[in-house]
Each structure stands twice: as C-alpha cells, then as structure tokens.
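Enquirer: Could you work out the structure for the sequence below:
(2 chains)
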Amino acid sequence: AQSVSQHNHHVILSEAASLELGCNYSYGGTVNLFWYVQYPGQHLQLLLKYFSGDPLVKGIKGFEAEFIKSKFSFNLRKPSVQWSDTAEYFCAVISGGYNKLIFGAGTRLAVHP
Amino acid sequence: DTEVTQTPKHLVMGMTNKKSLKCEQHMGHRAMYWYKQKAKKPPELMFVYSYEKLSINESVPSRFSPECPNSSLLNLHLHALQPEDSALYLCASSHLDRDRETQYFGPGTRLLVL
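Expert: Okay, the predicted model is just below:
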C-alpha cells in the first residue's frame, strides 16, 4: 500500500531560522505530490504541488519543495520562517491515476518570535 | 476562485438524531470528496464522487450516507452516530484531469456527537 512518511512530528524554530520538513513516499510509479498547510483554526490550504517538469517547485508564502525521485522524497523548505508560519504541515501524494490523496501524519511547526 | 464552502460550521447532535452536512463548489470540478479529520491527525478519506457517481467508499459505516445531487453539491447524511464520530468533516473537490488533479478543501464542519 502507498504511504507517506513525515520524519518530524514537532519542530520548534525561532523567527528567521531556516526550515526543512522531510517527506518520503513509498510508491514507485508516477506520483503527484503536494504540501498542504493548516493554520490554527483554519482549513487546509495548498502550499505547492509537483506534477512533472522542474523538480524544484515554488509555492505561496516563500515556500519551495524539491522532488528527488531517486530518494522518493519531496522536502519542504523556507529560508527564513516567520511567526505566522506556525501551523501544521501535511505532505500528500496521489499515485497510479487514482484520485485518492494519501496524507502523511503531519508536522506541527511552532515559530517563536 | 478556489473556494469550497461547507455548512454548518459547527454541529452538535445526539446519537439518535439525523442531520446532514452540505458542501458546495462552483469551480466546475467533477470530483468531490469527504474526509474525516480527528484532532492532531491527518485527514482520512471517506468517499469519492466522480461525475456525480460514488467511485470510492473507504469502508465507511452505513450511519454515514453520502449524496451528490448535482456536480456542484455534495451532502453527507448522518444517522445514529457514535461519540467517536466526533471530528472535523472536510469536503474537497478537484478536476478529474490527471494533470490538474489538485484537491481544494473547504473549511470543514466540526461535529460533536453526544
């Protein structure tokens, strides 16, 4: 069965620190990859997505992610976090031409001023 | 516009009640989804509708009954729920074109079953 692993369950950073959240998936075929963010009390919002082409994708709010096929990874990065980035971040994958979105367990990010 | 709307925002119901959750989108998406999200957990897929037909049921108990009256609306009918069904219920929609298959989520209905 397909699965998505997020290595960090809780991350605490100070403002202006750099962020990298890990994401690995298990499916070996063609995949569509996503990062969603859920701010406290708000709904899931799409940060960025990868379907094909340039493996370095840029999303909203200064986030980017790199697809490394050989490592089955899609890590999320931001060079300088802000307090407003405090949220839960979910990596997700759709594979096999089947519109079933598989989520990772999520990473809870807390950014301190 | 990537808006999916859901009503109500909050719902409290007893175990003998019948209630319905509603979801609406006007993005021309032909796939609609119901997810259940427990606190501090990722969303879990419940149902998928493609072209108004149920295409995936993730072994959801029959006390949850989905309905897709048209391409813009999705309902989830609730009957005889249990306290453990308390959760955030999320609706999502997407195109069915593989290259544009991005799911957009609504704000959810927070359900409490007493």
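
Enquirer: Now do the contacts for whatever residue of chain A ends up closest to chain B.
Expert: Each residue of chain A has a distance to chain B, by Cβ to the nearest Cβ, and the smallest belongs to residue A:103, at 3.6 Å. The way it works is simple: take the backbone N, C-alpha and C, and place the C-beta from them, glycine included. For residue A:103, the contact set (Cβ atoms under 8 Å, 6 or more residues apart in numbering or on different chains) comprises A:4, A:36, A:90-92, B:42-44.

Enquirer: Also residue B:72?
Expert: Neighbour list for residue B:72: B:24-26 [criterion: Cβ under 8 Å, 6+ apart].

Enquirer: now swap in residue A:13 and tell me
Expert: Neighbour list for residue A:13: A:19, A:81, A:109-112 [criterion: Cβ under 8 Å, 6+ apart].

Enquirer: Go ahead and measure how far the helix or strand harbouring it is from the middle of the chain.
Expert: Taking DSSP states H and E as the definition, one finds residue A:13 inside strand A:10-14. Computed by Cα atoms, centre = their mean, to the nearest Å, the chain-centroid distance of strand A:10-14 equals 15 Å.

Enquirer: Can you tell me the strand partners of it and which way each runs?
Expert: Strand A:10-14 sits in its sheet next to strand A:107-112 (parallel), going by DSSP bridges.

Enquirer: shaky segments in the chain?
Expert: Using chain A. Under the criterion pLDDT under 70, the flagged ranges of chain A are A:1, A:96-98.

Enquirer: switch to chain B, that's the one I care about
Expert: Within chain B, the set of residues satisfying pLDDT under 70 comprises B:1-2, B:98-100.

Enquirer: Pull up the residues of it that are close to chain A.
Expert: Proximity of chain B to chain A is assessed by Cβ under 8 Å from any Cβ of the partner chain, with B:2, B:31, B:33, B:40-45, B:48, B:50, B:56, B:90, B:92, B:94, B:96, B:98-99, B:101-108 identified as the residues in range.

Enquirer: that older thread, can you select the buried ones from the contacts of residue B:72 in PyMOL?
Expert: Burial among the contacts of residue B:72 is assessed by 16 or more other Cβ atoms under 10 Å in any protein chain shown; the matching PyMOL selection reads:
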select buried, chain B and resi 24+25
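
Enquirer: hang on, the earlier thing: now which of the contacts of residue A:13 would you call buried?
Expert: A:19, A:81, A:109, A:111.

Enquirer: Can you list the buried residues in whatever helix or strand residue B:68 lives in?
Expert: Using DSSP H and E, residue B:68 sits within strand B:64-70. By neighbour count, with 16+ other Cβ under 10 Å as the criterion, the buried positions of strand B:64-70 are B:64, B:66, B:68.

Enquirer: Next SSE downstream of that strand?
Expert: Taking DSSP H and E as the definition, the helix or strand that follows strand B:64-70 towards the C-terminus is strand B:73-79.

Enquirer: Give the pairing partners of the very next helix or strand once past that following strand; include direction for each.
Expert: Sequence order places strand B:87-94 as the next helix or strand after strand B:73-79, per DSSP H and E. Sheet pairing of strand B:87-94 (DSSP bridges) gives strand B:31-37 (antiparallel), strand B:104-105 (antiparallel), strand B:109-113 (antiparallel).
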